[in-house]
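**Q** What shape does this take:
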Amino acid sequence: MFYQDDWNDTAAQVHAAAYPLNKPGDLDVLLDAIGDAHFVLLGESTHGTHEFYTWRSQLTRRLIAEKGFSFIAVEGDWPDFQHINDFVKGRLDDSVHAADLLHAFRRWPTWMWANWETAALAEWLKRFNLAIPPHRRVGIYGLDVYSLQESLEYLERYLGKTDPEAQKLVLDLAHCFDRHGPHEGYGYALANRSRHNSCAREAAQLLEVMMQRRTEYNTNPEAGLQAEQNARIAVNAERYYRTMTGAGPASWNIRDRHMNETLNLLMQHHGKEAKAVIWQHNTHIGDARATDMAMEGMISLGQLVMEEHADLGVFRIGFGTNGGTVCASDRWGGAMRHMPVPYAPAGTWEQFLHEYVGKDACLLTEEIATAPLLRKPILHRAIGVVYHPGHEFPGNYVPSVIPMRYEAFVYLDHTSKLHAMHVEPDGMQIPETFPWGM
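**A** Numbers count the residues shown, from 1 in each chain. Predicted coordinates:
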């Protein structure tokens, strides 16, 4: 039970610790707190909020320009971001623009990366990179596990030109999956809930060969990295789809462990001084041990990175809003809609910030760690790609010990929907305020 003194003490402490956030220079408090950390994880409490993208972009630009961060890793598909990575590193024809590549993103939810906010960051990163030597250019990579079909298609094309012997392993694996229907449908998952009759052996063999031959493929920039990672996706996607129909946390944990493996591969690829900025939902970048996820046996990328790399410095920043509008869908695989985000109900983290901070701000959680109400879980908003505003409470709120889940929190009192490319017929028309300079 909380007493009025607890509320008063917590309100006073949080109000005093809130740093105003109005312009890029206000991010100085976060830059100072990040210090020499090699891992900065930037969250979001929805997958469709304009301000989350623009503030993360502003902070990312400063991390790259002022602290020498090596690459950006996002909650997206590796093959799609191969093309964006080539673009930002100046490997594509000058007539190609970021919007051209992002508009080709077709995997649902398309709005998550096919948006003008991401295009603005990619265009800035290309301009930044062209002013520095090629070997120092900052890349952008997808961490997710969902691209089984695209990864196999890439390997089939690439190895067909460079290593026909290894290409046969890809064709054998693709044939194995084809026996159970579409690569990414439920056919394979339903037929292979155990390793019996699965494609696990073929996938593991392909990855082993790609790891052995990686250096042989490095005649082109990052070709060996691409070959190995696309094979790793096949291994972990096979595991993911084999467990996705079962109860429990297995498929979630396979996905976050895959993202962690990918992040470690990228750190190794970029050298011992590498620094990474990661963009994902709060449920991934936050520490699962500070939520009820842990009680269900779930882990998170933010937890794994802290467990493995605390000595290199890990800084996790949650993002949240009290209300506004958002891009989401009312069903899995459904059309994107512009939805209202109702003001957070009483007793939640967001409502508390609205009442006692009442403006856009950032907080360092070490400065509020002793606040009485924050020593125990408080309900904290989490909106996914499927959302029902009229029924969001309590299902869209995760009990969280905020100072244990993040090192900092960015609170945006009122937010607006993303500028997606795939909604209206004129979806490729550049919004008036693009690229949202602050």
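**Q** distance of the residue lying closest to Val88 once chain neighbours are set aside from Lys89?
**A** Counting by C-beta to C-beta, 6 or more residues apart in numbering, Val88 lies nearest to Leu125, which is 4.3 Å off, once chain neighbours are set aside. Any C-beta I mention is one placed from the backbone N, CA and C, and that applies to glycine too. Relative to Lys89, Leu125 is positioned 9 Å away (C-beta to C-beta, to the nearest Å).
**Q** Compare the two (neighbour count), which wins?
**A** Leu125 (25 against 19; other C-beta atoms under 10 Å).
**Q** The longest strand along the chain pairs with which strands?
**A** Ranked by residue count under DSSP state E, the longest strand found in the chain is strand 314-321. Partners of strand 314-321 in the sheet, by DSSP bridges, are strand 39-42 (parallel), strand 408-412 (parallel).
**Q** Can you name the element that comes right after the shortest one?
**A** Right, the one you point to is strand 39-42. Counting by DSSP states H and E, the next helix or strand C-terminal to strand 39-42 is helix 50-67.
**Q** before we move on, back to that, which of the strands paired with strand 314-321 sits most buried?
**A** strand 39-42 (a mean of 27; mean count of other C-beta atoms under 10 Å).
**Q** How far off centre is that strand?
**A** 10 Å (C-alpha atoms, centre = their mean, to the nearest Å).
**Q** pretty sure Leu152 is in contact with Ala234, am I right?
**A** Yes: using C-beta atoms under 8 Å, Leu152 is in contact with Ala234, at 6.3 Å.
**Q** Between those two, which has more neighbouring residues?
**A** Legend: neighbour count by other C-beta under 10 Å for Leu152 and Ala234, higher for Ala234 (30 against 24).
**Q** Select, out of the strands paired with strand 314-321, the one closest to Thr54.
**A** Of all the strands paired with strand 314-321, strand 408-412 sits nearest to Thr54, with 10.0 Å by C-beta to C-beta.
**Q** Was I right to think the residue nearest to Val88 contacts Gly90?
**A** No: if you go by C-beta under 8 Å, Leu125 and Gly90 don't touch, sitting 10.2 Å apart.
**Q** Enumerate the beta-bridge partners assigned to the nearest residue to Tyr397 once chain neighbours are set aside.
**A** With sequence-adjacent residues excluded and distances taken as C-beta to C-beta, 6+ apart, Tyr397 is closest to Leu379, at 3.9 Å. For Leu379, the beta-bridge partners under DSSP bridges are Thr348, Pro399.
**Q** Quick check: Leu379 vs Arg289, distance?
**A** 17 Å.
**Q** got the contact list for the residue nearest to Tyr397?
**A** Residues in contact with Leu379 (C-beta atoms under 8 Å, 6 or more residues apart in numbering) are Gly347, Thr348, Trp349, Pro394, Tyr397, Val398, Pro399, Ser400.
**Q** Next, format those as CSV and append neighbour count.
**A** Below are the contacts of Leu379 laid out as CSV (neighbours: other C-beta atoms under 10 Å):
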residue, neighbour count
Gly347, 14
Thr348, 21
Trp349, 27
Pro394, 12
Tyr397, 20
Val398, 23
Pro399, 16
Ser400, 27
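**Q** got the domain boundaries for the chain?
**A** 1-143+252-438, 147-246 (automatic domain parsing).
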